[in-house]
Every structure is written in C-alpha cells, then in structure tokens.
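Trainee: quick one: sequence and predicted model below, then my questions.
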Amino acid sequence: MSENIYYWQKVVGNKSLTLELQKLKEVASRGFQGESDNYKQKLVYNLLETVRNNDQKEFFYILLKAANKPNENFKELWQTLQENYDVMPEEAFINFAYSLILGIMSTYSGGGE
Amino acid sequence: MQQTNGSRQQDIKLEFTGNWFIDAGILGFVNLMEEVYGWDLDTLQEMIAKEPEKLCYGYFPLAYIYYNILKTESIKDPKKPSDNIFQNSTNSKNDIFDKCWEFVKKNYLKEGRVALSSKYPFFYFHNFLFFQPRRKEDKQKKDFLQILGLEKAEAEAFKYMDRTFNKFLPSGEKFSNISYTESLLDAPTLERIIPLFGMFILTFPLAFLSVRSEKDNTLFYSPDVEFTHKVNKKLKFLLERKTKNESIFDLSWKAVVDEITEKKSQWALENMYIITYKIGGNQEILDVEYIGIPKLQASVLLDDTIREHLNREVRAVIGPKEKWWLLEEFIKGKPLYPIVLSHVNSALNKNTYLNFQACLSSLIIEANILNARSKNIKVKRSVLFSDDYFDNYKYLVNKIKEDERYSSYYSSLIRHISDDDEIKKRIARELITALRAMDKNLFLNILLKNLNEKKELCSNNNFNKWIFEKIIENDVSFERYGLVLAMNCVGG
C-alpha cells in the first residue's frame, strides 16, 4: 500500500515530522529478533492487554522496559520511538501500537513465505 | 394533431428522441411490428423511409388491433393480417386507412364494435377512447383517424397531454393553472419532438417486459434504439426459456451483458437505465424505479470475472428482505458490506450455506473503490476529471483483480490458526462481534491474541504483511478485509 507510506504528518517549525508505520514495524522486528519466543509471546500478550484498555502509559512502560537492554538493535528502536512519539496524535495510537506488536510477532521462529 | 393533411410523416425516423416516454413508444412500435409481421428493425427503417404511409396508416393500425385481440382473446383465432396486404395500394393516406379499416370491419367486429379490450398489457389504456366498451365501430374509427392525424382532433385528450395519454403525468385537474397557461405538453409540442407521436403513445406499454414478477413492467433503456431493442429482445427470449433454477435478474443481466460484450459498447451501458413500474387497479402507477448505471459500476461490470462473481443471490436478513442480488445492489450504488456481514453471520450461526466467492469479490471490490475514493479526496482531486475517469477505471479494475488474487490466498492462511473447526468458528464469532461494533482496536486485539498462540502463522511473511497493510495501516476499508478473515474461519 504505497499510498500509505506516511501514516501521519505534522509540521513543527520548518521540520515535517512523519509517522511511518512500516518503518516502526521493521524496527521493532529487528530489535526483538534475538529474544526467545516464550519471552516475546508473553510480552505481546501484555502489550495487547494495554492497547485493549487504551492505556498508553502502561504500553510504553512495558515496551521501554523490554527494550531497555544494552543491545545494538534496540538503539534503533529507541531512536525511532523518540522520533515518532512526538508526532503520534492520540487517535493514531492504536495503529502505532499494533504495528509494533505485529513487528515483534513477525520474529517468532518457524515462519517463512 | 392540428394538421390534417400535412406531410409530417415524411420526417419520421425510428430513432430515439431522448424523451424516454416517446422512446419507449418507438420501441413498443418496433416490437409490435416484429411480432405481427416479422419485420426486424432494419426492414422497418427501410419501409418508413420508402413508404411511410403504408406503414403508419395501414400496417400499424391493423397490427395494433390484431395484436390486442390476440393477446386479450376477445375473439378466438383472429385472422392474421398478411405482410403484403397494402403492397398494391396507392400512397394516399386515406385510401390506405380505408382499406385497413375494411379489413378490420370484416374480421375483428364483435357486437357492433371492434373487439378492442383493455386487458393485460393494454390495461394501461383502460377507458381510453376506442378501448371503451361502449364505443361502437364508427366512433372507434374516428378515434383512430384522430390519433393518426388524419382528422382534426376533437377529443380533449388530444389537446392537452395529461394522465389520459401518459400515466406518468398528473391528471388534467391537477394542472391547476391549465386554464391560464394550457399544458406545456400539448399535441403540437410533442409533434415537434416526433411526428405521429399518437402512434407511439399507443405502443408505449408494448415496450415493457415482466422481469421480476408478472405484474411489473420493466424496460432496459439506453439512448440507442438498436441497442435497446436488441437487449430487450434477448431478454424476452431468455425469459421465455427460463428454467426454474435461473433467477430472472441473472437472466436480464445476461441479456444486457451479452449485447454489450458483442458490441463492446461501454457507452451504452453507462447510459442505460432500468425503468420499472406497476399499474394498480385504478391505473395508478406504483413502484416506479429508474435505475441508472454509474460509470464506475459500468466499468467494473464489464469485466467478465468480476461480474460473474457478483451476479449471485445471497441470503441475508436485513429489514423485511431476505435475499439480495449483489449485482443489483452494486449497480444501485448501495454498500455490499452490510449484506455480506449479515450473510456470513447467518452462515455461522444458523449453519446456512456461505457463498464464499461472491462475498470475497464483493468485499474486495468495495474496499478498492473506497480506497480509490479516499485517495482522491486526500489529493483533493475530483473524480470526474481524474485520469481514472477517462481511463474508464481500467486501472481500478486491474487493481481489484490483482487484490482479489492476492488477498484470497493470503487471508486463507488464517485457516491454519487451529485444526479444530469449533475453535475457528469461535474466533470468527468474536471477530464479527468486533466488526459489528465497528471497533478496530477490539478486532485487532482478538485477532492478534489468537494468532499469538500460533507462532508459525505470526511469522509467516506474507500473512503478517497482509494484516499490516490491509488492516492495521488501512483506516478506510479495514472492515472489508477483516470480514474476509472472519469468513475464512467460518469455512466454505
């Protein structure tokens, strides 16, 4: 869906900020690549619970706690989260959160084409 | 009707005028002549150019009276007029008409009057002039002379065109200012549209077919006489040969579409209207419908595969209606999603048959149309002057077909979510509940929670990507794709 590359755009000063769901998903996927399936399944379950309740605070708390590791891959995730957090409007939270979760889910073992 | 001996018939051509009421009369005229004498449109065109007098004052009244008697059975086995009866006549209108009337008097008289009856298709003309049971032969002849313009019109009905002539107009009394302005629709006005309009007014009901039930009158109307004639003729042919299992709506589309494919005439389809009416006991017009086919729908319909998939009836209880023709709703521009949602829901809960392919196509078509529209809104582009419009939406049609292939496969992967049919049905039920609540969050939550148990499915690249693109990233038509997923869990 190439027309949806930029899910959200906002201009702050002279800078145009964009929310790219695709990028978000890829970054999450790269970040959690090395973790164990069991751990990720539990994490996904917990994250899904918070989104269900639209609890943004809890969602980011759990996510940041999980990504708070001295791992090269997570650096990219932090950076992307930081960039996107400002741009994300309230109503885009659901799409934002599910993109991240689906990214994590795509790293389970046993997948393929 | 004021002119009595003018040469107005010289200008008659069997071409549509753009006034659908008169055009229906022209089609009825062609149908009548074809039925009685076996002349096709080309022959009629030739005759009307060469010998209009014989056709209009001889063959036509004779055919009309004969056909009326034959259909209403007011005389058993009426004598059929031969197709060369006026061959040796002169070209004098009055001579031709006299000869015609002689034949009528000899063969169609019953109790001192021409046995015209206003039954069946002629009920439209109940109590109209020569149909009145009290009108005797001499008066009936006068009526015919007047309506064909051979005598000065005396009857009020000829002067002001109102309900007596055309059931789609109000009655004379309802034209409240008629005494000051007179009706705009008077004989001279109509004559400017087409000479000898009286003839075409008489044949109006003969243009219609009963498509949906015995009582309805339906006409597929396009601004081209040849095309309209062919479509309606083919439809009549198909209706006569209809087997029990074939739906009438299906047949009518076959007729229309066959003709279009043959003639490759997108233009005709885009300008086609379906006109339906019923006539009540007091000759009131009921259930009148004019359905036009929008350009977008026409383009989509011209594709064989898509049309075939949509040309289905599905069971879905919405309001008092239980069965829906997807194609019909699509042409009317109504959303198919609620119908499919209700159909899938009843397949799930009542174990009724799920028409998977028809539902899948409906949802994908609709999703793509919605996406294309929202794209146009985003870039503030008017559809009317967009490339898509001039490209006849070919791009969109290709996109729909591609998406259907792609989505039908990728969405079907959800069937691996469990080996147990009951579990899949439970998931389908939950997903449908979320769709009904129009809650994207709930839908995704249910979907991902269930998926989370099936690791290989989550990390299947194609499936994962499909969910991301069609549901998460898509705020315009995610329900359609969501329902496709739920349908796959129902099975079928």
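Mentor: Here it is on my side, so go on. Computed from a predicted structure; not experimentally measured.
Trainee: could you pull out the helices for chain A?
Mentor: Under the criterion DSSP state H, helices of chain A are mapped to A:21-31, A:37-52, A:56-67, A:72-87, A:93-105.
Trainee: cool, and the stretch 101-250 of chain B?
Mentor: B:137-147, B:156-159, B:178-181, B:187-193, B:197-202, B:225-240, B:248-263 (DSSP state H, counting those that start in this stretch).
Trainee: ranking those helices by mean pLDDT, which is last?
Mentor: Mean pLDDT is lowest for helix B:178-181 among those, at a mean of 56.
Trainee: go ahead and flag the most central residue of chain A.
Mentor: In chain A, the centroid-proximal residue (CA atoms, centre = their mean) is A:Leu100; its distance is 2.9 Å.
Trainee: below-threshold pLDDT in chain A: ranges please.
Mentor: Scanning chain A for pLDDT under 70 picks out A:1-12, A:14-18, A:86-87, A:111-113.
Trainee: contact residues of chain B facing chain A?
Mentor: Applying CB under 8 Å from any CB of the partner chain, one finds that chain B approaches chain A through B:371, B:375, B:378, B:440-442, B:444-445, B:448-449, B:451-452, B:455-462, B:464, B:467-470, B:472-475. Backbone N, C-alpha and C define where each C-beta goes, glycine included.
Trainee: can you give me the neighbour number for residue 13?
Mentor: Went with chain A since none was named. 6 (other CB atoms under 10 Å in any protein chain shown).
Trainee: could you do chain B instead?
Mentor: 14.
Trainee: how about the one 4 residues further on?
Mentor: One way to gauge burial is a neighbour count; for B:Thr17, by other CB under 10 Å, it gives 18.
Trainee: secondary structure class for it?
Mentor: The three-state label given to B:Thr17 by DSSP: H, G, I helix; E, B strand; the rest coil is coil.
Trainee: in this structure it contacts B:Ile194, no?
Mentor: Yes - between B:Thr17 and B:Ile194 there is a contact under CB atoms under 8 Å: 5.5 Å.
Trainee: any common contacting residues for those two?
Mentor: Each of B:Ile26 lies in contact with both B:Thr17 and B:Ile194 under the rule CB atoms under 8 Å, 6 or more residues apart in numbering or on different chains.
Trainee: how about stretch A:61-81 as CSV, C-alpha atoms only?
Mentor: Taking C-alpha atoms only, stretch A:61-81 is exported to CSV below (Å, rounded to 0.1, in the frame of the first residue of the first chain):
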residue,chain,number,x,y,z
TYR,A,61,6.2,1.4,30.2
ILE,A,62,6.2,-2.3,29.3
LEU,A,63,7.7,-1.6,25.9
LEU,A,64,10.6,0.5,27.1
LYS,A,65,11.3,-1.9,30.0
ALA,A,66,11.6,-4.7,27.4
ALA,A,67,13.8,-2.6,25.2
ASN,A,68,16.0,-1.4,28.0
LYS,A,69,18.9,-3.6,27.2
PRO,A,70,22.5,-2.8,26.0
ASN,A,71,21.7,-4.2,22.6
GLU,A,72,22.8,-2.6,19.4
ASN,A,73,19.4,-3.5,17.8
PHE,A,74,17.4,-1.7,20.4
LYS,A,75,19.2,1.6,19.9
GLU,A,76,17.4,1.9,16.6
LEU,A,77,14.1,1.2,18.2
TRP,A,78,14.7,3.8,20.9
GLN,A,79,15.5,6.4,18.4
THR,A,80,12.5,5.6,16.2
LEU,A,81,10.2,5.7,19.2
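Trainee: who's in contact with it?
Mentor: A:23-24, A:27-28, A:30-34, A:43, A:46-47, A:50, A:100.
Trainee: likewise for stretch B:270-278?
Mentor: The contact list for stretch B:270-278 (CB under 8 Å, 6+ apart) reads B:20, B:24, B:208, B:211-212, B:215-223, B:256, B:285-295, B:298.
Trainee: identify the residues contacting the nearest residue in space to A:Ser109 that is not next to it in sequence.
Mentor: Excluding the flanking residues, the one nearest A:Ser109 by CB to CB, 6 or more residues apart in numbering or on different chains is A:Asp37, at 5.8 Å. Shown in contact with A:Asp37 (CB under 8 Å, 6+ apart): A:108-109, B:455.
Trainee: turn those residues into CSV, including distance to B:Cys56.
Mentor: Listed next are the contacts of A:Asp37 as CSV, based on distance: CB to CB, whole Å:
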residue, distance to B:Cys56
A:Tyr108, 82
A:Ser109, 85
B:Lys455, 82
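Trainee: counting neighbours, which of those comes out on top?
Mentor: A:Tyr108 (22 neighbours).
Trainee: how near is that residue to B:Glu111?
Mentor: Separation of A:Tyr108 from B:Glu111 (CB to CB, to the nearest Å): 92 Å.
Trainee: any weak-confidence spans in the stretch 51-200 of chain B?
Mentor: The model of the stretch 51-200 of chain B has pLDDT under 70 over residues B:155-162, B:170-185.
Trainee: phi, psi for the residue in it positioned nearest to chain A please.
Mentor: Going by CB to the nearest CB, chain A is nearest to B:Phe168 of the stretch 51-200 of chain B, at 46.5 Å. Backbone torsions of B:Phe168, given as degrees, to the nearest 10, read phi -90, psi 0.
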